[in-house]
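Trainee: predicted model follows, preceded by the sequence.
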Amino acid sequence: MSSFYEQVGGEEFFVDLVSQFYAHVATDPILRPMYPESDLKGAALRLQQFLEQYWGGPTTYQENRGHPRLRMRHAGFHINVAARDAWVNAMHVVVDATQMDPTLRAQLWSYLEMAADSMVNQPD
Ligand code: HEM
């Protein structure tokens, strides 16, 4: 049984997904100011490598960044429901437009939504 990573088309799929997602982040009034670097390329690469690893691809994320501890890594950012919604909406547009098997899409989506909920760290 091949991994989710292989079934969706490997690195190319994740590069596309993340680059489209960051194109939305770049114009989003809530999200854009939260990203400390002037260039979003580093953030895009970290998310890409994390997702590849999560879905059974190469473990480059862990080799570069160590254990993900995502909630902890987001603790320094003010993530309220509005920020969560902005992230989820941007991701939703991208995931919806992606050519992929509907069962795999549903699996990807339910993970991303659950993960985004768990990143909320501010009441407002
Ligand atoms: C809920 C809304 C979210 C907001 C507002 C948010 C915002 C951010 C920000 C501002 C950063 C720092 C950018 C950087 O890496 O330089 C970051 C990093 C990151 N985020 Fe999120 N994020 C959210 C949800 C998520 C979710 C759901 C995931 C995973 C499924 C995720 C995965 C990551 C990863 C892997 C990094 C890089 C961590 C590292 O290695 O330092 N984020 N996020």
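Mentor: Cool, got the structure.
Trainee: identify each buried residue in stretch 34-44, please.
Mentor: Applying a neighbour-count criterion of 16 or more other Cβ atoms under 10 Å, the buried positions in stretch 34-44 are 34-35, 40, 43-44. Heads up, the C-betas are built off the backbone N, CA and C, glycines and all.
Trainee: what residues are up against Tyr117?
Mentor: For the record, residue 117 is Asp, not Tyr. Arg84 (Cβ atoms under 8 Å, 6 or more residues apart in numbering).
Trainee: what is the neighbour count of Gln99?
Mentor: Gln99: 9 surrounding residues under other Cβ atoms under 10 Å.
Trainee: distance check, the residue most central in space within the chain against the ligand.
Mentor: Centroid-nearest residue in the chain: Leu47, 5.2 Å away (criterion: Cα atoms, centre = their mean). Distance check for Leu47 against the ligand: by Cβ to the nearest ligand atom, to the nearest Å, it reads 5 Å.
Trainee: touching, that residue and Leu17? I think so.
Mentor: No: using Cβ atoms under 8 Å as the test, Leu47 is too far from Leu17 to be in contact (9.0 Å).
Trainee: dump the C-alpha coordinates for stretch 15-32 into CSV.
Mentor: These are the backbone C-alpha positions of stretch 15-32, laid out as CSV (Å, rounded to 0.1, in the frame of the first residue of the first chain):
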residue,chain,number,x,y,z
VAL,A,15,5.1,22.3,-3.8
ASP,A,16,2.0,23.4,-5.8
LEU,A,17,-0.3,23.3,-2.8
VAL,A,18,1.9,25.3,-0.6
SER,A,19,3.0,27.9,-3.3
GLN,A,20,-0.7,28.5,-4.1
PHE,A,21,-1.5,28.8,-0.4
TYR,A,22,1.3,31.4,0.2
ALA,A,23,0.1,33.4,-2.8
HIS,A,24,-3.1,33.9,-0.8
VAL,A,25,-1.2,34.6,2.5
ALA,A,26,0.7,37.3,0.6
THR,A,27,-2.5,39.3,0.0
ASP,A,28,-4.4,38.5,3.2
PRO,A,29,-4.7,41.4,5.6
ILE,A,30,-4.8,39.2,8.8
LEU,A,31,-2.2,36.6,7.8
ARG,A,32,0.4,38.6,6.0
